[in-house]
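Student: A structural model of the following input is requested.
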Amino acid sequence: MKKLVFSLLATAALAVPSSAWAHHGHHHHHALAKLSGTGTTFGAATATASGSIVGGSLESGTFAATVATDWAKAVNHSTDRGSLSCAPATATLTLNATTTTQSSLTGKTCTWTPTTGSVVRAFFGRSTTVKAILLQKSDGTVKGAAFARSGERKRH
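Tutor: Numbers count the residues shown, from 1 in each chain. So this is what the prediction gives:
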C-alpha cells in the first residue's frame, strides 16, 4: 500500500496541472505566462528550454530557461511502478513579452521513470516574486507556467 501511495504521489507531482500548483502557499498567484517549447534533457547537469508564451497575463512572447541540477545530491525512491529521483536545482527564466522579465529560481528537478511508459522530467522553483514549473516529456517538448505573487491570501 505504501508503494502504491508513493507511486501515485510521484505521478501526481509531475502531472499536476500548473493552475492547481498556483495556489500553494500563503499568497495568491496568477498565471504570468503559460509556456510551450522544447529543450535539452533536464536529466543533464545543465539544460536549456525555449519557446513561446501561449497564455497568461503576458498572453504572447517568448521564453528561455537554463536549469542547473546537482544530480550528485539526488534522492532516489523506487517502487514496483517506477522510480523517482529529485535533486536540488537552480534556473534562470527569461520572459520576453511587452517587457523582459528575468528571474533566478531555486528548487528541484525530478525525474519520474515509470516501469511502463515514458520518462517525465520537471523543474519546480521559486524566487521571492515568481514560482515556475517546467515539465519535459521524453520527446523533448516542454510545457510549463510562471506565476507572479499578487498579495496575501485572504483569511477565511
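Student: CA only for contacts and neighbour counts going forward, please
Tutor: OK.
Student: residue closest to the middle of this protein?
Tutor: The residue lying closest to the centre of the chain (CA atoms, centre = their mean) is I133, at 2.3 Å.
Student: how close does that one sit to T92?
Tutor: 12 Å (CA to CA, to the nearest Å).
Student: following element in sequence after the helix or strand bottoming out on mean pLDDT in the chain, please.
Tutor: For the chain, using mean pLDDT, DSSP states H and E, the weakest element among its helices and strands is helix 18-21, scoring a mean of 40. Downstream of helix 18-21, the next assigned helix or strand under DSSP states H and E is strand 27-39.
Student: partners of whichever helix or strand comes after that following strand in the sheet?
Tutor: Per DSSP H and E, strand 27-39 leads on to strand 46-55 as the next helix or strand towards the C-terminus. Strand 46-55 has the following strand partners under DSSP bridges: strand 27-39 (antiparallel), strand 61-69 (antiparallel).
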